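Novice: Return atomic coordinates for the entry below.
(one chain, ligands or ions: 3)
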Amino acid sequence: MKIDEFTSTNPGAVGDMVERDRKMDAEQTAIITNVLERKNYINRQSPKSKHQHHIVAANLDQSALVATIKEPRTSQGFIDRFLVASEAYHVPAIIVFNKADLYGKKEMTRFEELKEMYEQAGYKVLLCSAKEAKDLDELKDLLKNKLTLFSGHSGVGKSTLINYLLPDLRLRTKDVSEWSGKGLHTTTFAEMFDLPFGGSLIDTPGMREFGLVDISRQELSHYFPEMRNLLQDCQFNNCVHLEEPGCAIKKALEEGRLNIDRYISYCTILDSIEEKQY
Ligand SMILES: Nc1nc2c(ncn2[C@@H]2O[C@H](COP(=O)(O)OP(=O)(O)O)[C@@H](O)[C@H]2O)c(=O)[nH]1
Ligand SMILES: [Mg+2]
Ligand SMILES: [Zn+2]
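Specialist: Residues are numbered from 1 along each chain as shown. Ligands and ions are numbered 1, 2, ... in the order given. Prediction:
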């Protein structure tokens, strides 16, 4: 393969469909002769060069964010960035809140708030406990016959969930003391596992988040599904929904048709795009 043609640091990634030279040698190796066109992929900017990117995974049916309200707490900002990135990559997202066994009354109230907010935006939200193997049937149903990327902060229980879903595989899970330590770096490479009931999972150990590669200020609101249908009603077609007159997003906010916390996330992400570009 001509490496020159690729702008990515890796010509092939987990999830790629490839053609290979069928003549295997004694060591059971084969040569990949072609990577087929991807229906989608997730990439990250290469830490080595601004102009190169690294393809994390390809041909995904969905991405599942494993989040927690306690030990550790996943911030709303992090969830929203994940959702925006998934929208931008054209990968449907689901949110799986894990460690339900640790949630008291306060955490359950917070969960209900988040669930309502994200369901209104059009996302599927699940609650489960990997440790007690509780409420995992709904998750199984959602994963069945699909290629799913598992993401989330270190320590939220991705490996524990995968171990449950694939009883024959024993992934290393980290102790609380290990993941709460600052500066922990596990090797970053994505791995795919076939589920016994159909479908596959991609685990991305060590990956904190996928970057918002190449999103412009203009297009950001398109990646908030609850805003998408309102955009054509803004007076200016280049409206970024801050202080512009005749803004349909601001109007919907005032009338309580949009969630203020999601709008705040929108503004925060918009700000970060501005900083990057100028
Ligand atoms: N209480 C509780 N602990 C969990 C649950 N799921 C995982 N853990 C624990 O959280 C820690 C990190 O889990 P791990 O699967 O390594 O997280 P990962 O970094 O996302 O792969 C381990 O000590 C797990 O035993 C859960 O549902 N409830
Ligand atoms: Mg893990
Ligand atoms: Zn507007």
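
Novice: where do the helices sit along the stretch 1-150 of the chain?
Specialist: For the stretch 1-150 of the chain, the helices defined by DSSP state H, counting those that start in this stretch occupy 76-88, 105-121, 137-143.

Novice: Relative to Pro225, tell me which of those helices wins on proximity.
Specialist: Nearest to Pro225 among these is helix 105-121; the distance by CB to CB comes to 5.6 Å. All C-beta spots, glycine's among them, are computed from the backbone N, C-alpha and C.

Novice: and Arg73, what are its phi and psi?
Specialist: phi -90, psi 130 (degrees, to the nearest 10).

Novice: May I see the buried residues of stretch 199-207?
Specialist: By 16 or more other CB atoms under 10 Å, the buried positions in stretch 199-207 come out as Gly199, Ser200, Leu201, Ile202, Asp203, Thr204, Pro205, Met207.

Novice: Reformat the residues you listed as JSON lines; add pLDDT and secondary structure.
Specialist: Formatted as JSON lines, the buried residues of stretch 199-207 follow (pLDDT from 0 to 100; DSSP: H, G, I helix; E, B strand; the rest coil):
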{"residue": "Gly199", "pLDDT": "96", "secondary structure": "coil"}
{"residue": "Ser200", "pLDDT": "95", "secondary structure": "strand"}
{"residue": "Leu201", "pLDDT": "94", "secondary structure": "strand"}
{"residue": "Ile202", "pLDDT": "93", "secondary structure": "strand"}
{"residue": "Asp203", "pLDDT": "89", "secondary structure": "strand"}
{"residue": "Thr204", "pLDDT": "82", "secondary structure": "coil"}
{"residue": "Pro205", "pLDDT": "73", "secondary structure": "coil"}
{"residue": "Met207", "pLDDT": "68", "secondary structure": "coil"}
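
Novice: Point out the most buried one among the helices of the stretch 1-150 of the chain.
Specialist: Scoring those by mean neighbour count under mean count of other CB atoms under 10 Å gives helix 76-88 as the most buried, with a mean of 20.

Novice: Would you mind pulling the contact partners of that one?
Specialist: 42, 63, 65, 67, 92-93, 95, 114, 118, 121, 123, 151, 153, 209-215, 220, 222-225, 261-262, 265-266, 268-269 (CB atoms under 8 Å, 6 or more residues apart in numbering).

Novice: Arg44 reaches Val56, doesn't it?
Specialist: Yes. Because the distance of 5.9 Å satisfies CB atoms under 8 Å, Arg44 is recorded as touching Val56.

Novice: who has more neighbours, those two?
Specialist: Using other CB atoms under 10 Å, the more surrounded residue of Arg44 and Val56 is Val56, with 24 against 19.

Novice: ok, now which ones touch the residue lying closest to that one once chain neighbours are set aside?
Specialist: The shortest distance from Val56 to any non-neighbouring residue, by CB to CB, 6 or more residues apart in numbering, is to Ile42 (4.6 Å). Residues near Ile42 by CB under 8 Å, 6+ apart: Ile55, Val56, Ala57, Ala58, Leu60, Ser63, Ala85, Tyr89, Val91, Leu149, Phe210.

Novice: Quick check: beta-bridge partners of Ile42?
Specialist: Beta-bridge partners of Ile42, counted by DSSP bridges, are Ala57.

Novice: Need the pLDDT of it.
Specialist: pLDDT recorded at Ile42 is 89.

Novice: What of the one 4 residues further on?
Specialist: At Ser46 the predicted local confidence, pLDDT, stands at 70.

Novice: Tell me how far it lies from His54.
Specialist: Ser46 sits 5 Å away from His54, going by CB to CB, to the nearest Å.

Novice: just the strands in the stretch 151-278 of the chain please.
Specialist: Using DSSP state E, counting those that start in this stretch, the strands of the stretch 151-278 of the chain run over 191-194, 200-203.

Novice: Out of those strands, which is closest to ligand 2?
Specialist: Across the strands of the stretch 151-278 of the chain, ligand 2 has its closest neighbour in strand 200-203 (6.6 Å, CB to the ion).
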